[in-house]
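A.B. asks: Got a sequence here, can you model it:
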Amino acid sequence: MAKTFARVIPLLLLSLLAVGPAQALMSIEEEAELGAELHLRMMAQVTTYPDPQLQEYVDSIGQEIARNSDMPDIQYTFTVLDDELVNAFALPGGYIYITRGMLAHLNSEAELAAVLGHEIGHVTARHSLKRQSKQKMWGALAALSAIATRSNIGGEAANIVGDVMVTGYGRDQELEADALGAKFMAKTGYSTEAISDTVALLKKREQFEFERARIEKRDPRVPHGTNRTHPDNDERFREALIAAQKFRPAEIRADEQQRFLDMIDGLAFGPSRTPGTVRRNYFYNGKYAIKMKFPENWRVGGKSSQIQALSETNDAALQVDVVVPGRKMTASDVIKKKYRVDKLVDGKDITIAGMRAHIATITRYSGGPFGNRPARVAAILDNRFRRAYVFIGTGKRDLSRIASDAEFISTIFSFDRMDPTDISLAEAPKLKIVRVEQGTTYDLLARESAISTYPEQNLRLLNGAYPRGEPQPGELIKTVD
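C.D. replies: Reported below is the predicted structural model:
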């Protein structure tokens, strides 16, 4: 009889004392039950992409490959997640996830089949239950046990399965997943050359991420996958692709590139939870019907009532809060109440976009990301809707003066109401498939793109042309509008 999830986990923890990580830890039925429970908890924490047609398309490709896998009899579930990160992963029992960020970077149905085949390979090899060390497995299962018993482990289920159970597969396991995925693809009729193409595009994405992290002075954010584990010309990787050809049917199916591109035409691009839409360095918030211009290459995020912007090198930050002022409060009163100060320095009453406003500085502000620093502050009163927009800017290098003050002031004075011509600009950016005309370059496309940071590099990455490729006349490519 299959054990319940809560009973399975403690038994698994005990089994670690007696067996090595490479041995099977549970039956197929128990693994399926574990995966089903994790999937339910995963779905409570993440958002699926709201396009039933795309979900059905990805599922149909995945199910066809799964029928040609080494474990065709288990029930597979394929889910497209509404996440801009470029990632795909698998949970025990046949639960496979791919992000819209990954779909945006693929260029054909065969490449999609390569990604799904690779993850099916992880499932059939049961890699999620064969950790590289007892310590890692202990940590993973302890976390899962906490989930099973409703314990507070201080993190989301998605983070647990992403950071502990799924990421960090060893090089040998990734190569094995590649080999298995190649075999399953070949049996389904797809060309295994798409695996090499997919590995190449992921490696280029990783290359760009490391370069961007260096510029932004942060750690790189690199998900698991083939891009982290084997070089392009790995001998065993090439041998696996060659060996898979013996499973190839007499006739290779046509690569349905047009069908794939049609399916992702209109795919959302960029973060899914934002306080508005950023097009290049222009910010639009349709809810409040406001707009403003941030400095070039600043990254803008936050939530509906708070906008947060960071400079390209993470050494300056500007935050905008939407608050409800008291009926008789002035703009300076709003600033003092918001930041709990009695005195503003160099304060001045001004008008911005026809609204009363106040701009000043605070000698010391400890609530920002850089500790106790002087701050540029401003408030704009929108009496029409009884709202106030409160700005505060601080910098890492700020001591006696505010290093990025010119950028803060420029953004504050760019604040304005949206007009009817801005309505379409407030819509979230989406992929658009276009046919290249003579004279088109990625530089020209970047100037018109809705991508907010590094538009030219990102367009090249989306189309497999990074770092220096150019679109060819007649070619179908992805743009972001």
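A.B. asks: okay, CA-based contacts and neighbour counts for the rest of this
C.D. replies: Fine.
A.B. asks: Specify the local secondary structure of the closest residue to Arg364 other than its chain neighbours.
C.D. replies: Distances taken as Cα to Cα, 6 or more residues apart in numbering place Pro374 nearest to Arg364, at 4.5 Å, with adjacent residues excluded. The three-state label given to Pro374 by DSSP: H, G, I helix; E, B strand; the rest coil is strand.
A.B. asks: got it, and the one 10 residues further on?
C.D. replies: Under the three-state scheme (three-state DSSP), Arg384 adopts coil.
A.B. asks: what about it, distance to Met355?
C.D. replies: 9 Å (Cα to Cα, to the nearest Å).
A.B. asks: out of those two, which sits in the more crowded spot?
C.D. replies: Between Arg384 and Met355, Met355 has the larger neighbour count (other Cα atoms under 10 Å), namely 14 against 7.
A.B. asks: can you pull the contacts of the residue nearest to Arg364?
C.D. replies: By Cα atoms under 8 Å, 6 or more residues apart in numbering, Pro374 lies in contact with 361-365, 394, 398-402.
A.B. asks: Report the mean per-residue pLDDT for stretch 462-481.
C.D. replies: Mean pLDDT, computed over stretch 462-481, is 96.
A.B. asks: Repeat that for stretch 112-130.
C.D. replies: Stretch 112-130 shows a mean pLDDT of 87.
A.B. asks: Ala403 versus the residue nearest to Arg364, what's the distance?
C.D. replies: 10 Å.
A.B. asks: same thing with Gln53?
C.D. replies: From Gln53 over to Ala403 the distance is 50 Å, taken as Cα to Cα.
A.B. asks: Ala186 too?
C.D. replies: Counting by Cα to Cα - Ala186 and Ala403 are separated by 58 Å.
A.B. asks: Quick check, central residue of this structure?
C.D. replies: With distances taken as Cα atoms, centre = their mean, Leu85 lies nearest the centre of the chain, 2.2 Å away.
A.B. asks: Quick check: phi and psi on it?
C.D. replies: Backbone geometry at Leu85, expressed as degrees, to the nearest 10, gives phi -60, psi 150.
A.B. asks: Show me which of Gln53 and Ala403 is the more surrounded one.
C.D. replies: The neighbour comparison of Gln53 against Ala403 (other Cα under 10 Å) goes to Ala403, with 18 against 10.
A.B. asks: ok, that one touching Arg376?
C.D. replies: No. Taking contacts as Cα atoms under 8 Å, Ala403 lies outside contact range of Arg376: 10.3 Å.
A.B. asks: Point out where the protein drops to low pLDDT.
C.D. replies: Applying pLDDT under 70 to the chain flags residues 1-25, 129-169, 223-236, 250, 255.
A.B. asks: what domains does the record give for it?
C.D. replies: 5-264, 277-424, 429-480 (automatic domain parsing).
A.B. asks: Turn these into CSV, columns for distance to Gly270.
C.D. replies: Shown next, in CSV, are the domains of the chain (distance: least, Cα to Cα, whole Å):
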stretch, distance to Gly270
domain 5-264, 5
domain 277-424, 9
domain 429-480, 7
